[in-house]
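>>> Let me see the structure of the following:
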Amino acid sequence: MTKPTIREVKRLASFLAAFFVFTSVGQYLFVQHQMKATVRKQLENSALELDSAVDDSNGVDLKALNRVVISVPEYFTILSDGAVLEVSSGPRGLVSGLIPEVTCPLLSAAAYLRPVVTTYRIYEGTSERWWIYAKQLDSGSVVLGVSELDQVASPARKLEESITVFGTTVDSAQHVNTRKVDTDISAWAVIKNNHQLVGGYGRIPLQTDPMALGRIGAPGYYEKKIDGRTYRVLYAPLRDHSNNKSVGTIVVPQDITIEKGVLRSQVFFNAAVGGTSFLLFLVFSAFYSSRHEEERRKIKEAFQHYFSPQILETILREPALLELGGQRREVTIMFADIRSFTSLSETIPPQRLTQLLQEYFTAMTDAVTATDGVVDKYMGDGIMAFWGAPIEQPNQADRAVQTAIDMIARLKGLREHWSAEGLPFLDVGIGIDLGIVTVGNIGSSKRFDYTLVGDAVNAASRIEGLNKDFGSHILISDSTRKQLTTPIRTRDRGEVQIRGKEKPIKVFEVEAV
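Predicted coordinates for the structure are as follows:
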């Protein structure tokens, strides 16, 4: 299994970071949608319960309304003329700002002194008697009422007993313990001095501006922020089911501050997990990158003199090409050898001989790397090179033959330089074969070479040796000539039997030298 490249690591880190982001956003949107849908369904169900009490020709069945059990503890029902039909407080009182300012048409100065009896006209021709008692608070008033429809015994006495439970402040009245209020007290309301209804329960006679209500909340579903808390509010029509006409408005809020907070916490948690994971991946990428760069540096130092810059860059991108092991590939192999080098070495001082070989090998290596070939090894006075690995080169035969021609041309330039120094004439023979070999890092785990193993390697070496017999400089096999895509003038040297081959092979001399 090959190690991932630095590019693959970076892609993985980017993918995972994007995955965390999209997952967090998707989860947030999904949960938010589900929460909205759930709350909306609850509010709509509560509105339907309230709406079910409005079912007679006069618009409201008050007795039916008294029997309605509402699943959401806070709501308002307001008739089209602005009459507040019923209110119900939540644990923190009523949410201010959901309906316009209110007044109590039955409230009089006498009602602050003692319970008073008054008649409340509901519709034309329909009226109802109420016992009303009020109390001044620090910044508002609390009003208690009992309807004749409740058929309460001693309503005045019960009003006097219950009003003391509401305390002396608006805050205490908003948060009154309803279990301490006499159960026969059918309705009460807490109204601030600015006429905002901030607490209440039941069907207390109140009046508001219907036009202003329409401006605050037309029929629909809203999210509102009030006093630092978040509410979902449904404004639904209150209908007379006998003729399906709208006779008012139902206002049902639900506090979703906690749910929003939990949702935000979930988003922050997901973002923190995503951010932390991304940072970890960045650290890992940086560590892997440094290791990768170190590996690149070592590879570059070890092979920069053997591979061309283009091939070396390919290997640096894919270090797995140099892992221990090999693969079967079609390659073109070249052997180049100096003629009669042993006798020449005896006539040249060792220091100058070493310098001469360095000049020769530099020129020949440059010719190989110029066509993106690989210098496999230096063998005394010989060079082994190949094309077609570690990267594919469809025109590998052309590259090899062109390199051989270039090597002869470069040698001619060196001869002129050496001749001026009085050095002996130096000649070279080159053999080229194309075939299937095993190519890769071959050796032990502690010492190995990127090299070739196969019959074609031996054949190329034997072909190079034939130059002595034919008096030639460049000989190529028939398999090499057949792969040439550019016109090269060659001379058929016939079939020859070489050691290691059962059948003779045809060889050709390259004459363009």
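>>> Run through the stretch 201-350 of the chain and note the low-pLDDT ranges.
Where the stretch 201-350 of the chain drops to pLDDT under 70, the residues are 241-242, 274, 277-278, 281-282, 284-326, 342-343.
>>> what about the helices in the stretch 151-300 of the chain?
Using DSSP state H, counting those that start in this stretch, the helices of the stretch 151-300 of the chain run over residues 155-163, 170-174, 210-216, 257-303.
>>> can you list the residues that contact the shortest one?
Spelled out, it's helix 170-174. 89, 92-94, 137-140, 142, 166-167, 190, 192, 198-199 (CB atoms under 8 Å, 6 or more residues apart in numbering). Where C-beta positions appear, they are placed from N, C-alpha and C, glycine not excepted.
>>> Let me know the average pLDDT across it.
The pLDDT scores in helix 170-174 average 90.
>>> so who does residue 143 touch?
104, 107, 111, 132, 133, 134, 188, 189, 191, 204.
>>> Lowest-confidence one in those?
residue 204 (85).
>>> Bridge partners for the closest residue to that one other than its chain neighbours, pull those for me.
Distances taken as CB to CB, 6 or more residues apart in numbering place residue 187 nearest to residue 204, at 3.7 Å, with adjacent residues excluded. Here residue 187 sits in beta bridges with residue 145, as judged by DSSP bridges.
>>> was I right about residue 187 contacting residue 149?
No. Contact criterion CB atoms under 8 Å: residue 187 and residue 149 do not qualify, at 11.1 Å.
>>> neighbour count winner among those two?
Using other CB atoms under 10 Å as the criterion, residue 187 and residue 149 rank with residue 187 on top: 21 against 14.
>>> show me what contacts the more buried one?
By CB under 8 Å, 6+ apart, residue 187 lies in contact with 86, 144, 145, 146, 147, 200, 201, 202, 203, 204.
>>> Which of those fall in strands?
86, 144, 145, 146, 147, 200, 201, 202 (DSSP state E).
>>> The fifth one touches residue 130, doesn't it?
Yep, that's residue 147 we're talking about. Yes. Under the criterion of CB under 8 Å, residue 147 makes contact with residue 130 at 5.8 Å.
>>> Just want to know which of those two has more residues nearby.
Remark: of residue 147 and residue 130, residue 130 carries more neighbours, 24 against 21, as counted by other CB under 10 Å.
>>> List the residues that contact that one.
With contact taken as CB under 8 Å, 6+ apart, residue 130 is in contact with 106, 117, 118, 119, 120, 145, 146, 147, 148, 205.
>>> Among the contacts of residue 143, which lie within strands?
132, 133, 134, 188, 189, 191.
>>> give the contact list for the first one.
If you count contacts by CB under 8 Å, 6+ apart, residue 132 has them with 104, 106, 107, 111, 115, 116, 117, 118, 143, 144, 145.
>>> any chance of the residues you listed in JSON lines, plus distance to residue 263?
Shown next, in JSON lines, are these (distance: CB to CB, whole Å):
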{"residue": "104", "distance to residue 263": "40"}
{"residue": "106", "distance to residue 263": "44"}
{"residue": "107", "distance to residue 263": "43"}
{"residue": "111", "distance to residue 263": "46"}
{"residue": "115", "distance to residue 263": "48"}
{"residue": "116", "distance to residue 263": "50"}
{"residue": "117", "distance to residue 263": "51"}
{"residue": "118", "distance to residue 263": "49"}
{"residue": "143", "distance to residue 263": "39"}
{"residue": "144", "distance to residue 263": "40"}
{"residue": "145", "distance to residue 263": "41"}
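>>> What's the ChimeraX syntax to select whichever of the residues you listed are buried?
Those of these that count as buried under 16 or more other CB atoms under 10 Å are selected in ChimeraX with:
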select :104,106,107,111,115,116,118,143,144,145
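>>> returning to that earlier point: give me the buried subset of the ones in strands among the contacts of residue 143.
So, by 16+ other CB under 10 Å, the buried ones in the ones in strands among the contacts of residue 143 are 132, 133, 134, 188, 189, 191.
>>> so which two of those are the farthest from each other?
For these, the farthest-apart pair by CB to CB is 133 and 191; their separation is 14.0 Å.
>>> Go through stretch 158-168 and flag the buried ones.
For stretch 158-168, the neighbour count (16+ other CB under 10 Å) marks 158, 159, 162, 163, 165, 166, 167 as buried.
>>> so how many other residues sit close to the closest residue to residue 169 other than its chain neighbours?
Closest residue in space to residue 169, ignoring its immediate chain neighbours: residue 138 at 4.6 Å, by CB to CB, 6+ apart. Look at residue 138: counted by other CB under 10 Å, it has 12 neighbours.
>>> What of residue 494?
The number of residues near residue 494, taken as other CB under 10 Å, comes to 9.
>>> how about it, what does it touch?
Applying CB under 8 Å, 6+ apart, the residues near residue 494 are 506, 507.
>>> where does it land in three-state SS?
strand (DSSP: H, G, I helix; E, B strand; the rest coil).
>>> hmm, back to that, go ahead and build a ChimeraX selection from the buried members of the contacts of helix 170-174.
If you want just the buried ones from these in ChimeraX, going by 16+ other CB under 10 Å, the selection is:
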select :89,93,94,137,140,142,166,167,190,192,198,199
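>>> follow-up on the earlier one: of all pairs in the buried residues of stretch 158-168, which one spans the longest distance?
Most distant of the buried residues of stretch 158-168, by CB to CB, are 158 and 167, 18.1 Å apart.
>>> Who are the contact partners of residue 223?
230, 231, 232, 233.
>>> Residue 472 falls within a helix, correct?
No. Residue 472 is assigned coil when assessed by three-state DSSP, not a helix.
>>> In this structure it contacts residue 509, no?
Yes. Residue 472 lies in contact with residue 509 (CB under 8 Å); the separation is 4.6 Å.
>>> Now do the shared contacts for these two.
In terms of CB under 8 Å, 6+ apart, residue 472 and residue 509 are both contacted by the residues residue 493.
>>> May I ask you to name the longest strand in the chain?
The longest strand of the chain (DSSP E) is strand 428-443.
>>> Any buried residues in it, and which?
Quick answer for strand 428-443 (16+ other CB under 10 Å): 428, 429, 430, 431, 432, 433, 434, 435, 437, 438, 439, 440.
>>> what's the answer for stretch 500-513, then?
505, 507, 508, 509, 510, 513.
>>> per-domain residue ranges of the chain.
1-51+256-298, 60-255, 308-510 (automatic domain parsing).
>>> any idea how far residue 422 is from residue 345?
16 Å (CB to CB, to the nearest Å).
>>> Which one's more surrounded, the two?
Each of residue 422 and residue 345 has its neighbours counted (other CB under 10 Å); residue 345 has more, 15 against 6.
>>> Just confirm the more buried one contacts residue 353, I think it does.
Yes. If you go by CB under 8 Å, residue 345 and residue 353 touch, sitting 5.6 Å apart.
>>> what is in contact with these two at once?
Here residue 345 and residue 353 have no joint contacts, going by CB under 8 Å, 6+ apart.
>>> low-scoring stretches of the stretch 51-200 of the chain, by residue?
In the stretch 51-200 of the chain, residues with pLDDT under 70: 51-72, 122-125.
>>> mind running it again at 50?
55-59, 62-63, 65-69 (pLDDT under 50).
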